[in-house]
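Asks: this is the structure alone, sequence omitted:
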């Protein structure tokens, strides 16, 4: 790696992109984080944030100038109301990825590491100890959400770009990483949505033997740094054109894994009965619609053998404790608003759940 050419991290304002950028900077590299929003956290020495809309090709080309590697972490539409905005999902995940690939070619950037998702191969059918070579893509038109469909298309674009000729005559080397759900001390997507009162998950549904993988953000960072190194001549470009599953190296039952959240001490007036009923209905919909009895866990053989990936062991409870101690406490107005929203969503979910159940 040329120390004079800083790596670029797209989605640098997000939790994973920010953590990756900080880790790269800690090795002495100068790092460029690009995102449409500024990171929530302090930007350390060696890291520069450049406001960039990934849907703007000229902005993408400009931010990539002088880089030696791009970590394309940015995406849109994974959860929440974002999932309803199909046009934006496509413009970020598909067109944005196309712009990144073209910018690498135009700016003579020889390495591109793409953050994909296990969703590109999972559509509800059981997956147990699968590797990258034996597990095909799930049919795109049968994937359950637009995010997964666009991520699959983008992943294929990145792999197809491997071996492309750069403007200066070099060769573009690309690889893809497929993480599952990501957690960590300051993670703002999974933890807040999984906060539940200890009574809520005193029940279980589905097969208790169902297993799945999770990924701590530090292991996410490790895998990305190793992947970039494996796209260099020093490593004989071993990762060039390859796909790797990455996770913590363990599998667990979802509800057992969430036990620390169930036991966490929460504000009872904030997490109220309405929210409990809302979550119960949501769980029922997940069960009857998406068949949560299907295990999905994958092999790390490829990442271990080719990247040298060695996931560290982490305790999910530590992340829960950090979140519970650092999260802002809700105001009375927020509590009141939450009650109103919870009541509305509860009614919608209840009738949707009932209709789905009756149609089975």
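Replies: Yep, that arrived. If you're wondering where the values come from, they're calculated on a predicted model, not measured in any experiment.
Asks: what about the residue lying closest to residue 166 once chain neighbours are set aside, how many neighbours?
Replies: Leaving aside its chain neighbours, residue 166 sits nearest to residue 108 (4.7 Å; criterion: C-beta to C-beta, 6 or more residues apart in numbering). Where you see a C-beta, it was placed from the backbone N, CA and C, and this is true even at glycine. Neighbour count for residue 108, taken as other C-beta atoms under 10 Å: 18.
Asks: quick check, pLDDT for residue 108.
Replies: Note for residue 108: predicted pLDDT of 97.
Asks: my read: it touches residue 167, true?
Replies: Yes. Contact criterion C-beta atoms under 8 Å: residue 108 and residue 167 qualify, at 5.8 Å.
Asks: for the stretch 51-200 of the chain, just list every one of the helices.
Replies: Assigned by DSSP state H, counting those that start in this stretch, the stretch 51-200 of the chain shows helices spanning 57-64, 86-90, 96-106, 146-161, 190-194.
Asks: burial of residue 141, as a residue count?
Replies: The number of residues packed around residue 141, counting by other C-beta under 10 Å, is 6.
Asks: ditto for residue 43
Replies: 17.
Asks: can you check residue 54 too?
Replies: Residue 54 is flanked by 25 other residues according to other C-beta under 10 Å.
Asks: excluding sequence neighbours, find me the nearest residue to it.
Replies: Closest to residue 54 by C-beta to C-beta, 6+ apart is residue 96, at 3.8 Å.
Asks: does residue 34 sit in a helix, a strand or a coil?
Replies: strand (DSSP: H, G, I helix; E, B strand; the rest coil).
Asks: who's in contact with it?
Replies: Shown in contact with residue 34 (C-beta atoms under 8 Å, 6 or more residues apart in numbering): 8-10, 12, 49-52, 54, 63.
Asks: do that again at 7 Å, thanks
Replies: Residue 34 sits next to 8, 10, 12, 50, 52, 63 when contact means C-beta atoms under 7 Å, 6 or more residues apart in numbering.
Asks: which one of those is nearest residue 130?
Replies: residue 10 (28.0 Å; C-beta to C-beta).
Asks: burial count for the closest residue to the closest one other than its chain neighbours?
Replies: What sits nearest to residue 10 in space, not counting adjacent residues and going by C-beta to C-beta, 6+ apart, is residue 74, at 3.9 Å. Residues near residue 74, counting by other C-beta under 10 Å, number 24.
Asks: ok, now residue 167?
Replies: 11.
Asks: what pLDDT does the model give it?
Replies: 97.
Asks: thought residue 109 was touching it, still the case?
Replies: No. Counting by C-beta atoms under 7 Å, residue 167 does not reach residue 109; the two are 10.0 Å apart.
Asks: what number of residues lie near the residue nearest to residue 54?
Replies: The burial count for residue 96: 25, using other C-beta under 10 Å.
Asks: just the one 4 residues further on next, same as before
Replies: As a burial measure, residue 100 scores 27 neighbours (other C-beta under 10 Å).
Asks: go on, the one 5 residues further on?
Replies: Using other C-beta under 10 Å, the number of residues around residue 105 comes to 18.
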